[in-house]
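*Asks:* predicted model and sequence follow; I will ask about them next.
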Amino acid sequence: MNSTQSSHNPPSMSILPSGQGWQIHWSDAFVDRNSHQLVCERVASHVFDTPVPLQHLLESAGQSAELSYASLERSLGVPVDQYSHPVLALNTDQSANRQQFRAAPRPIPMTATANFRDYGGYLTDAGRQVVWGKLFRTGHMGDMSADDIRAISQLNIQTVLDFRRLEEAANQPSQLPQGLKPTSIVISPGSSIDLFSAIMDDGIDEAKIDQFMQEINHDLAISHQASYRQMFDALLTHRDSGSIIHCSAGKDRTGFGGLLVLGALGVNRQTIMQDYLLTNEHVNLDREIARWTKNYSDTDWSKRDGDSEAEDTQPKAFNRDALAVILKVKASYLQTAMDTIDNEFGGLERYLKEQIGLEADELAALHQSYLY
């Protein structure tokens, strides 16, 4: 989509994983099947010099069509599987301003890691779209299967930014392709220690957990500008390949990182919040509760990184009900971060400039690399 296209009336298309392929949905209100062309621009890291027509799908009856791995492989002449992550484009030449709208599957169906998804496709207020296949987010990467590890290479992810505390990473080291080393950017919101202690309390209630989560998001905005500057440095340095940001659950430290990245690219807050809340759709609670119980319940959370003087208490088991609450997100959590940025720093634009230190030429470089 070029910058002259209105963001209020774009073509409408979405792609969702479905069995042995994907289901494509479009809205007849915005898609003229007689004038639009449907093409595949890329699968995983393979970009086609000439996009491959898939017009037969657009011309099918109804508002959706099935695209199987096998049929796409026949059309493209390259191997296709669940990790191929096809990027499709709707094109039209009906007006002087050529319209183009790209869609891809947002979640990547990893077999082990949680909440793995693409930040691409979101519209900016200037009418551009975030590039698909370059900015990813997830939770921990310590239980990656062989297929998941292969997918990291297939998606051309060459930068992994790990926001976890040192003991979190030590408990569950990231499983990555050979030669790919994670970049540790330790982010440890102060109240997270109290939170972990609290969820071992059988009497903790949801209101208290909500208060903790809001305090964590307040602290992320107040105290961790230098860490998120490191994130932007990495995104600026590695603009030609895919990058992923992650923490343990992939929702709080990662969610605040997503707010800054999408905000820097010009995506509005309503859309950023919608993306943040997608975590609730892409986390398997039973599996995550089991993982946290296995890896963290025997950790003494009274000790911070390198703090050998903290009181040595006997570790206790997690309160599973409380853990189920903190593994989800609520709008009030990220809204606290947004309100902190507004009330204490004069808004996101000033925060990115004055607190993160992004210069005008760096913002321009981000837009050039991560927007269509």
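*Replies:* Thanks, I have the structure now. All of these numbers come straight from a predicted model, not from anything done at the bench.
*Asks:* what backbone torsions are found at residue 144?
*Replies:* phi -60, psi 130 (degrees, to the nearest 10).
*Asks:* secondary structure class of the most centrally placed residue in the chain, three-state.
*Replies:* The centre of the chain sits closest to residue 137, judged by Cα atoms, centre = their mean, with a distance of 3.2 Å. Residue 137 falls in the strand class when you classify it by DSSP: H, G, I helix; E, B strand; the rest coil.
*Asks:* how close does it sit to residue 289?
*Replies:* Residue 137 sits 21 Å away from residue 289, going by Cβ to Cβ, to the nearest Å. Where you see a C-beta, it was placed from the backbone N, CA and C, and this is true even at glycine.
*Asks:* from what I can see residue 33 touches residue 60, true?
*Replies:* No: in this structure residue 33 lies outside contact range of residue 60 using Cβ atoms under 8 Å: 9.3 Å.
*Asks:* what's the helix or strand hosting residue 14 in contact with?
*Replies:* Using DSSP states H and E, residue 14 sits in strand 13-17. Under the contact criterion Cβ atoms under 8 Å, 6 or more residues apart in numbering, strand 13-17 has outside partners 22-27, 31, 67, 82, 86, 88, 90, 101, 103-105, 107, 109.
*Asks:* from those residues, which land in helices?
*Replies:* With DSSP state H as the criterion, helices contain none of the contacts of strand 13-17.
*Asks:* who are the neighbours in contact with the residue nearest to the centre of the chain?
*Replies:* Contacts of residue 137 (Cβ under 8 Å, 6+ apart): 115, 116, 117, 119, 244, 245, 246, 250, 254, 257, 258.
*Asks:* list only buried entries from those residues.
*Replies:* Listed as buried from the contacts of residue 137 are 115, 116, 117, 119, 244, 245, 246, 250, 254, 257, 258; burial here means 16 or more other Cβ atoms under 10 Å.
*Asks:* leaving out sequence neighbours, find the closest residue to the first one.
*Replies:* In other words, residue 115. Residue nearest to residue 115 in three dimensions, not counting chain neighbours: residue 250, with 4.2 Å by Cβ to Cβ, 6 or more residues apart in numbering.
*Asks:* so the one you found sits right up against residue 136, yeah?
*Replies:* No: Residue 250 is beyond contact range of residue 136, at 10.3 Å (criterion: Cβ under 8 Å).
*Asks:* so for those two, which residues contact both of them?
*Replies:* Shared contacts of residue 250 and residue 136, defined by Cβ under 8 Å, 6+ apart, comprise residue 116.
*Asks:* buried residues in stretch 361-372?
*Replies:* Result for stretch 361-372 [16+ other Cβ under 10 Å]: buried residues 362, 363, 366, 367, 369, 370, 371, 372.
*Asks:* the strands in the stretch 51-200 of the chain, which residues?
*Replies:* Secondary structure of the stretch 51-200 of the chain by DSSP state E, counting those that start in this stretch: the strands cover 64-68, 86-92, 99-103, 117-118, 135-138, 157-162, 183-184.
*Asks:* for residue 348, which of those is the nearest?
*Replies:* strand 135-138 (17.5 Å; Cβ to Cβ).
*Asks:* quick one, helices of the stretch 101-250 of the chain?
*Replies:* With DSSP state H, counting those that start in this stretch as the definition, the stretch 101-250 of the chain shows helices at residue ranges 146-154, 166-171, 191-198, 206-223, 225-237.
*Asks:* lowest mean pLDDT across those helices, which one is that?
*Replies:* Lowest mean pLDDT of the helices of the stretch 101-250 of the chain: helix 191-198, a mean of 60.
*Asks:* below-threshold pLDDT in the stretch 51-200 of the chain: ranges please.
*Replies:* The model of the stretch 51-200 of the chain has pLDDT under 70 over residues 61, 93-99, 190-198.
*Asks:* swap the cut-off to 90 and go again
*Replies:* Applying pLDDT under 90 to the stretch 51-200 of the chain picks out residues 58-63, 91-100, 109, 111-115, 140, 143, 167-168, 171-172, 189-200.
*Asks:* okay, the helices of the stretch 101-250 of the chain in TSV with mean neighbour count and distance to residue 358 next?
*Replies:* As requested, the helices of the stretch 101-250 of the chain are exported to TSV (neighbours: other Cβ atoms under 10 Å; distance: least, Cβ to Cβ, whole Å):
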stretch	mean neighbour count	distance to residue 358
helix 146-154	19	27
helix 166-171	16	27
helix 191-198	18	26
helix 206-223	19	15
helix 225-237	17	6
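*Asks:* kindly reformat the ones you listed as JSON lines containing distance to residue 127.
*Replies:* As requested, the helices of the stretch 101-250 of the chain are arranged in JSON lines below (distance: least, Cβ to Cβ, whole Å):
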{"stretch": "helix 146-154", "distance to residue 127": "31"}
{"stretch": "helix 166-171", "distance to residue 127": "40"}
{"stretch": "helix 191-198", "distance to residue 127": "39"}
{"stretch": "helix 206-223", "distance to residue 127": "28"}
{"stretch": "helix 225-237", "distance to residue 127": "22"}
